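Enquirer: here's my sequence, what's the structure:
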Amino acid sequence: MPDDEPCRPDSKSNGMQGQIVLVTGPSGAGKSSTLAVLEDLGFETIDNMPLSLVPRLLDGPGLNRPLALCVDVRNRDFSVRGLLELMDWLGEADDGTQGKPDGRAELLYLDARPDVLQRRYSETRRRHPLAPAETAQIGIERELDLLAPLKARADLLIDTSTLTPHDLKADLARWFDPSAAQRLTVMVHSFSYKRGLPRGVDMVFDCRFLDNPYWDETLRTLDGRDPRVAEFVARDTRYTDFFEKVNDLVAFLLPAYAAEGKSYLSVGLGCTGGQHRSVATAVALCAALDAAGWKVSVRHHELEHKGRIAGVQQSGAMR
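Expert: Residues are numbered from 1 along each chain as shown. Below you'll find the predicted structure:
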């Protein structure tokens with residue numbers, strides 16, 4: 001899921017020539033495989049790119065095809081702050097600064113559950129870059145904590161835990177294939193108001209007025225992706241009107257945003273705990289927009305947070 005508004009594509013280009021994708025994420029999450037897919041889609045790709053060299057790389061003639069750079073902890077000058085500052089620089093309006101490219105910049109974060117990362121390291125028997133003399137579990141925990149701000153900032157997050165190489169290729173093609181007729185993509189976020197709004201959402205809808213499944217003990221431990229929770233939420237007599245109005249508004253705005261040249265629309269749906277009502281509504285909205293032919297993805301911030309904490313705790317218990 002998903003969040004600063006990317007730069008608008010150059011109106012003189014096809015919308016892809018000036019595109020820059022910075023690829024990051026934990027070691028073992030599939031960044032090398034992602035670069036290979038992006039190369040097949042027409043990107044120029046560079047792996048293990050030093051942050052300090054990116055402005056120099058971009059200095060000179062404009063890009064004649066999209067560029068994907070993998071930036072991660074393997075490089076000695078890597079820092080989370082440095083990558084965030086680079087994204088801010090790339091996202092600013094072009095003021096004629098030397099080396100500032102035309103086009104849009106996006107942060108693609110490849111993620112995976114800690115237990116999956118641990119299994120992948122066990123299969124390859126490679127040392128973790130953040131724990132060369134310690135266990136892979138320790139390195140995984142350090143890296144996930146270090147990269148948390150980048151995960152929160154990501155324009156697009158792909159969890160590869162259950163993906164096959166074919167699935168990963170299909171997901172990436174869905175977002176980055178320049179032959180796609182519809183370039184505007186939608187990210188739907190569910191979130192908890194206790195943690196605040198996700199960064200950079202364009203519009204937000206509050207689901208806290210709906211009946212709360214939390215007070216049903218049989219549903220409390222489930223989340224909005226479960227059909228029983230979704231059915232409970234939909235039984236609220238106010239839900240249908242609310243959902244239809246939200247869907248109609250978003251569907252009305254999407255063609256206008258596409259015509260204006262916007263590349264992304266980010267929609268947030270929040271509730272108290274970010275587990276039941278907002279998740280169920282986000283899943284339903286994602287399905288409705290997908291059925292209408294829009295490129296859409298859903299991201300559940302609170303469930304991601306709880307999953308990451310549980311995964312790290314499980315990884316620690318294995319040592």
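
Enquirer: so what pairs up with the closest residue to Leu285 other than its chain neighbours in the strands?
Expert: For Leu285, ignoring the flanking residues on the chain, the nearest one in space by C-beta to C-beta, 6 or more residues apart in numbering is Val188 at 5.4 Å. All C-beta atoms are positioned from the backbone trio N, CA, C, and that covers glycine. Residues in a beta bridge with Val188, per DSSP bridges, are Val267, Val298.

Enquirer: Phe209 against Arg238, yeah?
Expert: Yes. Phe209 is within contact range of Arg238, at 6.9 Å (criterion: C-beta atoms under 8 Å).

Enquirer: gap between the residue nearest to Leu285 and Arg228?
Expert: From Val188 over to Arg228 the distance is 21 Å, taken as C-beta to C-beta, to the nearest Å.

Enquirer: how about Asp115?
Expert: 26 Å.

Enquirer: same thing with Gln118?
Expert: Counting by C-beta to C-beta, the separation of Gln118 from Arg228 is 32 Å.

Enquirer: so between these two, which is more surrounded?
Expert: Neighbour comparison, Gln118 and Arg228: the larger count goes to Gln118, with 22 against 12 (by other C-beta atoms under 10 Å).

Enquirer: okay, now Phe242: neighbour count?
Expert: Applying other C-beta under 10 Å, we find 16 other residues in the vicinity of Phe242.

Enquirer: apologies, that question was intended for Asp248.
Expert: Using other C-beta under 10 Å, Asp248 is surrounded by 11 other residues.

Enquirer: what helices or strands is the strand or helix carrying it leaning on?
Expert: Asp248 is part of helix 239-260 when elements are defined by DSSP states H and E. Contact analysis of helix 239-260 by 3 or more C-beta pairs under 8 Å, 6 or more residues apart in numbering; DSSP states H and E lists strand 264-271, helix 277-291 as its packing neighbours.

Enquirer: does Gly28 touch Arg120 like I think?
Expert: Yes. Counting by C-beta under 8 Å, Arg120 is a contact partner of Gly28 at 4.4 Å.

Enquirer: mutual contacts of those two, please.
Expert: Common neighbours of Gly28 and Arg120, using C-beta atoms under 8 Å, 6 or more residues apart in numbering, are Ala112.

Enquirer: okay, the two: which has more neighbours?
Expert: Neighbours per residue (other C-beta under 10 Å) separate Gly28 from Arg120, with Gly28 holding more: 24 against 18.

Enquirer: what residues of the helix or strand where Trp175 lies count as buried?
Expert: Per DSSP H and E: Trp175 is located in helix 165-176. Using 16 or more other C-beta atoms under 10 Å as the test for burial, helix 165-176 gives 168-169, 171-172, 175-176.

Enquirer: how about stretch 221-229?
Expert: Buried residues in stretch 221-229, defined by neighbour count with 16+ other C-beta under 10 Å: 222-226, 229.

Enquirer: off-centre distance for it?
Expert: Centre-to-centre, stretch 221-229 and its host chain are 22 Å apart (C-alpha atoms, centre = their mean, to the nearest Å).

Enquirer: what about that stretch, start to end distance?
Expert: Using C-alpha to C-alpha, to the nearest Å, the end-to-end distance of stretch 221-229 comes to 10 Å.

Enquirer: perfect, I'm done here.
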